[in-house]
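Engineer: sequence and predicted structure below; questions after.
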Amino acid sequence: MKSVLSPIYKYVLLLSALAMGGTATAQELNCEVTVNTDQISGNKQVFETLQQAVSEYLNTTVFTNAQFAVNEKIECRLFLTVKEYADDMVKGDLQVQSLRPVYNSSYTTTLINFKDTKIEFLYRENEPLVYSLNNMESQLTAILNFYAFLILAVDFDSFSPQGGEPYYERLKQIVQMAQSSGETGWKAFEDTKNRSSVLSAYIEQPGAAMRDMLYRYHRQGLDMMATSPDKGRAAITESLGAVEAVYKAAPMSVALSMFKDAKLDELVNVYSKAPADERGKVYNLLEPIYPTEQEKLERIRKGTEQQ
């Protein structure tokens, strides 16, 4: 498992910072932004400006009323691959990742690892990116707002039951405003993996069960692994029932692929030293859902640790 800076549990960290006279800030994200232009030719200066503008927007905008200490900001990454650029129109893919510290360890777990293939927006060099709660200032800021609030919602859900609810409400507003614009990537039923579908996967049944899974998997599972591996792993195993329930009710739900892309490698590690019956149970649950992932699933079944 990848080792990073030692994490301290979110709310304990904030209280400690305040008690010691530390500075708390309302800004929530520590986001690394990369814009890749290898697939296009011509003058690319505009994309250096774009990368800086997006980075400043995500790392300085105050999205919520929540208080964050500087060292508890949510770690995230946005990787934009530009595939087309003409007449100020940018088209490409956006890979979005967010991370969460695991209590009492140096490990961070991936919460979101999602590729949005419906990225289209107008951008003129040095155009300011303006944040607004009640208006859609641009397609670009709408996309950035969507993923900022998704990162917040999923992160808060992982720390407390339904903790991300205020941010899902904000996501609903963003999607509704964007849908009225007619822009690509927002329309209901347009695509099973567009932004509208991602939101629906979390707030509508049966996918809403995945929100409860986020808490059980992380707070009751991973956070317990350092002190009680068997207890933590059992909670993770129990939480996987939500994935199975979503599959049985909505086998094409984007929630399933999002879970796989964020968690399957991790599950190989989690069950590497588990008893055979436990590994078999998890294999039998996941194999019908992810039949194309046999290599990783076999490693779970056999208990082979991911290198």
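Structural biologist: Everything's here; your move. All of these numbers come straight from a predicted model, not from anything done at the bench.
Engineer: start to end distance for stretch 233-246?
Structural biologist: Stretch 233-246 stretches 21 Å from its first residue to its last (CA to CA, to the nearest Å).
Engineer: actually, stretch 207-225.
Structural biologist: 26 Å.
Engineer: ok, stretch 37-50 next?
Structural biologist: 11 Å.
Engineer: pLDDT-wise, which helix or strand of this protein ranks last?
Structural biologist: helix 10-19 (a mean of 39; mean pLDDT, DSSP states H and E).
Engineer: so how far is residue 164 from the closest residue to residue 60 other than its chain neighbours?
Structural biologist: Distances taken as CB to CB, 6 or more residues apart in numbering put residue 27 closest to residue 60, at 6.5 Å, once the chain neighbours are dropped. All C-beta atoms are positioned from the backbone trio N, CA, C, and that covers glycine. Residue 27 sits 18 Å away from residue 164, going by CB to CB, to the nearest Å.
Engineer: with residue 142 instead?
Structural biologist: 19 Å.
Engineer: what about these two, which has more around it?
Structural biologist: residue 164 (26 against 22; other CB atoms under 10 Å).
Engineer: and residue 117, its phi and psi?
Structural biologist: Dihedral pair for residue 117: phi -100, psi 10, per degrees, to the nearest 10.
Engineer: for residue 104, same thing?
Structural biologist: For residue 104, the backbone dihedrals (degrees, to the nearest 10) come out as phi 60, psi 30.
Engineer: who's in contact with it?
Structural biologist: Residue 104 sits next to 223, 226, 227 when contact means CB atoms under 8 Å, 6 or more residues apart in numbering.
Engineer: could I get the residues you listed as a markdown table with pLDDT, neighbour count and distance to residue 90?
Structural biologist: Formatted as a markdown table, the contacts of residue 104 follow (pLDDT from 0 to 100; neighbours: other CB atoms under 10 Å; distance: CB to CB, whole Å):
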| residue | pLDDT | neighbour count | distance to residue 90 |
| --- | --- | --- | --- |
| 223 | 97 | 22 | 39 |
| 226 | 92 | 14 | 43 |
| 227 | 94 | 11 | 47 |
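Engineer: can you tell me which of those lies closest to residue 240?
Structural biologist: residue 223 (16.6 Å; CB to CB).
Engineer: quick check: chain neighbours aside, which residue is closest to that closest one?
Structural biologist: Per CB to CB, 6+ apart, closest to residue 223 is residue 103, 3.9 Å.
Engineer: how much space separates the one you found from residue 196?
Structural biologist: 34 Å.
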